[in-house]
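Enquirer: Turn this into a model:
(2 chains)
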Number of protein chains: 2
Amino acid sequence: MGADLSLPCSHTHCFNPSTGTTPFRSKSKCNSFILYPFTKSLHIHIPQSANFSMDQALKSSGVEEMETHKRNSMSLIFDPHKIDHQLLQKMEYDALVWSSLHGLLVGDTNSLRSGRVPGVGMIHAPFSLLPMPFPESHWKQACQIAPIFNELVDRVSLDGKFLQDSLSRTKKVDAFTSRLLEIHSKMLDANKIEEIRLGLHRSDYMLDEQTKLLLQIELNTISSSFPGLSSLVSELHRSLLHQYKQHLALNPERIPQNSAVTKFAEALSKAWSEYNNPRAVVMVVVQTEERNMYDQHWLFINPNNTYQVTSIRKTLAEIDALGELLPDGTLVVDGEAVAVVYFRAGYAPSDYPSESEWRARLLMEQSSAIKCPSIAYHLAGTKKIQQELAKPNVLERYLENKDDIVKLRKCFAGLWSLEDSNIVNDAIEKPGLYVMKPQREGGGNNIYGDDVRETLLRIEKEGSNENAAYILMQRIFPTLSPAILMRQGISQKDNVISELGVYAAYLRNKTKVIINEESGYLLRTKVSSSNEGGVVAGFGVMDSIYLV
Amino acid sequence: MGADLSLPCSHTHCFNPSTGTTPFRSKSKCNSFILYPFTKSLHIHIPQSANFSMDQALKSSGVEEMETHKRNSMSLIFDPHKIDHQLLQKMEYDALVWSSLHGLLVGDTNSLRSGRVPGVGMIHAPFSLLPMPFPESHWKQACQIAPIFNELVDRVSLDGKFLQDSLSRTKKVDAFTSRLLEIHSKMLDANKIEEIRLGLHRSDYMLDEQTKLLLQIELNTISSSFPGLSSLVSELHRSLLHQYKQHLALNPERIPQNSAVTKFAEALSKAWSEYNNPRAVVMVVVQTEERNMYDQHWLFINPNNTYQVTSIRKTLAEIDALGELLPDGTLVVDGEAVAVVYFRAGYAPSDYPSESEWRARLLMEQSSAIKCPSIAYHLAGTKKIQQELAKPNVLERYLENKDDIVKLRKCFAGLWSLEDSNIVNDAIEKPGLYVMKPQREGGGNNIYGDDVRETLLRIEKEGSNENAAYILMQRIFPTLSPAILMRQGISQKDNVISELGVYAAYLRNKTKVIINEESGYLLRTKVSSSNEGGVVAGFGVMDSIYLV
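Expert: Numbers count the residues shown, from 1 in each chain, chains lettered A, B, ... in the order given. Below is the predicted model:
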């Protein structure tokens, strides 16, 4: 049975236009969003399923009270759209200067060489001028569960059978996942054991406006982007709040310290130490063109010469051409032994245009280098596994602590396989409440709205295995907030929704866990504004959180 | 009588092509240079004149010995052209990354908005990949005399009659200097007294290869550029030397700490304090388009929130439109009281396209705001005053300490008025040994080589006052060194000459000197390479010094 809840007349619907352009060509995880400005209240049906807990339903009943609380919190902060024009111009200018002087940069898509050569064609990264109010309790909740997710990924990665079985149907319809599984299967057959395991994850959440629940969107186990730039945005905001304290009356201390870049750098360095070959390097697997290169470089700039790590950057094709495996398992690329392979490419089908790239991936997996992530970690972060873990009694197989299990489940949105005919029928009836997500990462191919109905009906009619290529997820309706977005040196007042990503580093060796901690955050604020037609697509900019 | 000295077959001749383009459009003090690759030795005649001391002549005789010493010093360091190709590529890449992440930036001339909007169209500032060997004794000498020059400028600025008299002939032929003198004259008539005086100077030197003398090129008393970026280049080089210590065997500690940005920021802040109006601002006078804006911004970024200073940026035209003088002398621009006027424009005729800009300059001068520089400080830095100060017994009028006078004179190159017919005749005969310099700053109109002869003959023939528009200066022949220059993301091996600028801050009030110190340095390394025609113009890149 569903619970009917009233919604205020404006709210956001997730949408990812496949034609959109974004300054971050490297990481298609930057979802885009769209606003439908409804003029009357809408009845929202929350589908009930095995993993939609009563706990959530109970919380939902307190909407009116929470809504009031939210409005109070917000008005205690400020509406950036109401800041005096002249003051705003000064702040915008200062923020652009700060970004430039402190390396909050990306390659400009207007510059041909900016994705290949550092130091040319640079432009400030898109950012929100001011931090976004965010409930402290939800922030703490997201931080608290980060190490539990780390542990979960690690345990799941060791259950090769679970990964293979869960993805067996997906394999038939998704060539990309199939290739990953093939490599994984080879490793299982060879009884390859990863004794040192490094995870640099980012778990993404949205705060559902009605239920006040922090719900997980996805867990990134490969190529978690923006640890470098997100740390800078927090610093930028703290600096602005300090500089304009007389005008804004916001306390810079309410922006949590964001240590993403130092924590990830430290984890990479400690992993390198664990490998125990002082001559070996950290190899960053990169795309041929990478306009988000500065985010990556921040991890290796090593300001205080704290670490001894040398890094090299190679594409999958280069690794295939220049890589070899020594008899003892050492991976040597371009003459250098590799201690850690850090993937900032290889998460999307487009990263493997030929067999060369797949050979490189296999070569690395076969080696003794520490893979961040290993093929098993990579698979553990797929949508299908996310959905399988949300099934009853699955978390219990990997985690002992009941409290931990409760904490994780609390942030699980409704997730279903397309084999669940009740849910499929419900989604055909009320497509606006669901998102169809393809297994593969980074494709930006989520399906929303009426397209959900059409796709489900087509798959039903064709009776193919295509249903294994998707999962269904409860659609989340986050709060719409006013913001000022800075892109290409131009400011725009907009109404936005935000997605919180919490970074977490995990490192263990044969005998013990060395690192398992929350490691900073990324707030991505997504443009939502309406034009006359009622629909405008927008893109994510970086933001930070202001605890309320 | 002249002293004939042998020169090795290759050396540099200063040349500033009027058609040259440079990434630094704001500050035409970035002279360009050219190399004439002589195939046989050239007899260099050092003209003897009143202010060409015997001390210099004596030193000249030790050329051979010193030359050997230099070669030894250099070979003890390294030849960057001999660095292994692969290693070099890594260093270049790392240097470009470092520049980008640490704000060593300029606006890209290829970007339309990059001179107006921060954060867009950015490119790394041109820099030399590695520091340039520089004799420690000369470095110390330049640092030691910096406060003496500060004191000299201050004393000269108080001698209104000297400034007016010295420039009286120049006034007739140089409209720009004439307008400056007009304002200066008004201030004298009004008995306007600047009690708080702030100087942010940079004295530029070249090390003459033959004589081993550090000779002053000019003393900048207005808009001394690159305090921000030069500090960064030193840091970049120290960082590279540390990172590649196993390959280069160069000690990062031999690159002197470059505190230009902090010292200048501190001086501006202390001047602001002296003005004693907590609500007043520092106003930076800027050009409409400024691609070197990041160098300027570094002075106001205030990383540790040490100072309370707020800065505004205004063009001369804006100051004319928005500025007013309160009855008590307070300068108010756009509603803000101005404590300090910091000129990063206004040094060149092109900065005053209409009467509006001159009105703004006068308005500021009439106000009680601290001018950096005042009109008198500005005039004290002109070429003509430099030449007058080099005359016998002139320094003695302003400085009491005999040692100080000796120290300054030691770095004076030969400087002559065109009224000195002996020198003019000598220059006509041996034009290669002289540079003709126009009075006005920032025009890049120095005259070299055969053009010196032609211009002098023309002026002689016409019998006009035009000779007052120039001074003659001894041509300096600095050492040619190998370097690797990074421009637009591309490296180039080149032979270069270097110009050392030593920053110095000076601040005093009615009763005492508050700051008088050497404040960091700028090494500008200038491209000198030959093509088939024997002549290629090149531009300055930033560098740092490695003490030998």
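Enquirer: Could you check the pLDDT of the residue in the stretch 251-400 of chain A positioned nearest to chain B?
Expert: Relative to chain B, the nearest point of the stretch 251-400 of chain A is residue A:297 (4.8 Å; Cβ to the nearest Cβ). Where you see a C-beta, it was placed from the backbone N, CA and C, and this is true even at glycine. Residue A:297 carries a pLDDT score of 96 in this model.
Enquirer: my guess is it contacts residue A:228, does it?
Expert: Yes - counting by Cβ atoms under 8 Å, residue A:228 is a contact partner of residue A:297 at 7.1 Å.
Enquirer: now for the helix or strand harbouring the residue of the stretch 251-400 of chain A closest to chain B, which elements pack on it?
Expert: Taking DSSP states H and E as the definition, one finds residue A:297 inside helix A:293-297. Packing partners of helix A:293-297 (3 or more Cβ pairs under 8 Å, 6 or more residues apart in numbering or on different chains; DSSP states H and E): strand A:105-107, helix A:227-243, helix B:85-101.
Enquirer: Does the last one reach chain A?
Expert: Yes - part of helix B:85-101 sits near chain A under the criterion Cβ under 8 Å from any Cβ of the partner chain, namely B:93, B:96, B:97, B:98, B:99, B:100, B:101.
Enquirer: May I see the residues you listed arranged in JSON lines, with neighbour count as well?
Expert: Listed next are these as JSON lines, based on neighbours: other Cβ atoms under 10 Å in any protein chain shown:
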{"residue": "B:93", "neighbour count": "17"}
{"residue": "B:96", "neighbour count": "23"}
{"residue": "B:97", "neighbour count": "21"}
{"residue": "B:98", "neighbour count": "24"}
{"residue": "B:99", "neighbour count": "26"}
{"residue": "B:100", "neighbour count": "25"}
{"residue": "B:101", "neighbour count": "21"}
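Enquirer: among the residues you listed, which two are most distant?
Expert: B:93 and B:101 (12.7 Å; Cβ to Cβ).
Enquirer: what helix or strand is residue A:516 on?
Expert: Using DSSP H and E, residue A:516 falls in strand A:513-528.
Enquirer: picking that back up, can you name the residues in contact with the following helix or strand past the helix holding residue A:297?
Expert: Downstream of helix A:293-297, the next assigned helix or strand under DSSP H and E is strand A:311-314. Residues outside strand A:311-314 that contact it (Cβ atoms under 8 Å, 6 or more residues apart in numbering or on different chains): A:281, A:282, A:283, A:284, A:285, A:286, A:296, A:300, A:322, A:333, A:334, A:336.
Enquirer: rerun that using 6 Å as the cut-off
Expert: Contacts to strand A:311-314, defined as Cβ atoms under 6 Å, 6 or more residues apart in numbering or on different chains, come from residues A:281, A:282, A:283, A:284, A:286, A:300, A:333.
Enquirer: what's the lowest-pLDDT member of those residues?
Expert: For the contacts of strand A:311-314, the pLDDT minimum is residue A:300, 93.
Enquirer: Tell me the strands beside the host helix or strand of residue A:204, with direction?
Expert: Using DSSP H and E, residue A:204 sits in strand A:197-207. Sheet pairing of strand A:197-207 (DSSP bridges) gives strand A:214-220 (antiparallel), strand A:490-508 (antiparallel).
Enquirer: tell me which parts of the stretch 151-300 of chain A are close to chain B?
Expert: A:242, A:297 (Cβ under 6 Å from any Cβ of the partner chain).
Enquirer: Repeat the analysis, applying 7 Å as the threshold.
Expert: Taking Cβ under 7 Å from any Cβ of the partner chain as the contact definition, the stretch 151-300 of chain A meets chain B at A:242, A:294, A:297, A:298.
Enquirer: Apply the buried test to those residues and list what passes.
Expert: With burial judged by 16 or more other Cβ atoms under 10 Å in any protein chain shown, the buried subset of these is A:294, A:297, A:298.
Enquirer: Spatially, what comes nearest to the last one if we skip its sequence neighbours?
Expert: Excluding the flanking residues, the one nearest residue A:298 by Cβ to Cβ, 6 or more residues apart in numbering or on different chains is residue A:228, at 2.9 Å.
Enquirer: Mind putting the residues of helix B:85-101 next to chain A into CSV with pLDDT?
Expert: Shown next, in CSV, are the residues of helix B:85-101 next to chain A (pLDDT from 0 to 100):
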residue, pLDDT
B:93, 97
B:96, 98
B:97, 97
B:98, 97
B:99, 98
B:100, 98
B:101, 97
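Enquirer: Let me know how buried residue A:438 is, in neighbour terms.
Expert: 20 (other Cβ atoms under 10 Å in any protein chain shown).
Enquirer: brain fart, residue A:200
Expert: What residue A:200 shows, counting by other Cβ under 10 Å, is a neighbour count of 29.
Enquirer: what do you get for residue A:220?
Expert: Counted with other Cβ under 10 Å, residue A:220 comes out at 22.
Enquirer: Where does the closest residue to residue A:345 other than its chain neighbours sit: helix, strand or coil?
Expert: Distances taken as Cβ to Cβ, 6+ apart put residue A:287 closest to residue A:345, at 4.4 Å, once the chain neighbours are dropped. Here residue A:287 is recorded as coil under DSSP: H, G, I helix; E, B strand; the rest coil.
Enquirer: Residue A:372 versus residue A:287, what's the distance?
Expert: 16 Å (Cβ to Cβ, to the nearest Å).
Enquirer: Which one's more surrounded, the two?
Expert: Taking neighbours as other Cβ under 10 Å, residue A:287 and residue A:372 compare with residue A:372 leading, 31 against 21.
Enquirer: Enumerate every residue touching residue A:491.
Expert: A:92, A:129, A:484, A:485 (Cβ atoms under 7 Å, 6 or more residues apart in numbering or on different chains).
Enquirer: Please read the previous query as pertaining to residue A:467.
Expert: Contacts of residue A:467 (Cβ under 7 Å, 6+ apart): A:418, A:419, A:459.
Enquirer: Give me the pLDDT for it.
Expert: In this prediction, residue A:467 has a pLDDT value of 85.
Enquirer: Tell me where the stretch 51-200 of chain A has helices.
Expert: A:54-60, A:63-77, A:85-101, A:136-158, A:160-166, A:168-173, A:175-189 (DSSP state H, counting those that start in this stretch).
Enquirer: For the second one, the averaged confidence score.
Expert: Read it as helix A:63-77. 43.
Enquirer: quick one: residue A:295 and residue A:228 touch, right?
Expert: Yes - look at residue A:295 against residue A:228 with Cβ atoms under 7 Å: they come within range, at 4.2 Å.
Enquirer: wouldn't the residue of the stretch 251-400 of chain A closest to chain B be in contact with residue B:99 here?
Expert: No - counting by Cβ under 7 Å, residue A:297 stays clear of residue B:99, with 11.0 Å between them.
Enquirer: ok, back up a step: same list (the strands paired with strand A:197-207) but as JSON lines, adding distance to residue B:79 and mean pLDDT.
Expert: Formatted as JSON lines, these follow (distance: least, Cβ to Cβ, whole Å; pLDDT from 0 to 100):
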{"stretch": "strand A:214-220", "distance to residue B:79": "48", "mean pLDDT": "95"}
{"stretch": "strand A:490-508", "distance to residue B:79": "43", "mean pLDDT": "95"}
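Enquirer: Could you turn the buried ones of the contacts of residue A:467 into a ChimeraX selection?
Expert: A single ChimeraX command selects the buried members of these (16+ other Cβ under 10 Å):
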select /A:418,459
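Enquirer: can you redo the contacts of residue A:467 as a markdown table with distance to chain B and secondary structure?
Expert: A markdown table is the format used below for these (distance: Cβ to the nearest Cβ, whole Å; DSSP: H, G, I helix; E, B strand; the rest coil):
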| residue | distance to chain B | secondary structure |
| --- | --- | --- |
| A:418 | 45 | coil |
| A:419 | 49 | coil |
| A:459 | 46 | helix |
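Enquirer: what's the closest of the contacts of residue A:467 to residue A:496?
Expert: residue A:418 (31.5 Å).
Enquirer: Having no further points to raise, I will conclude here.
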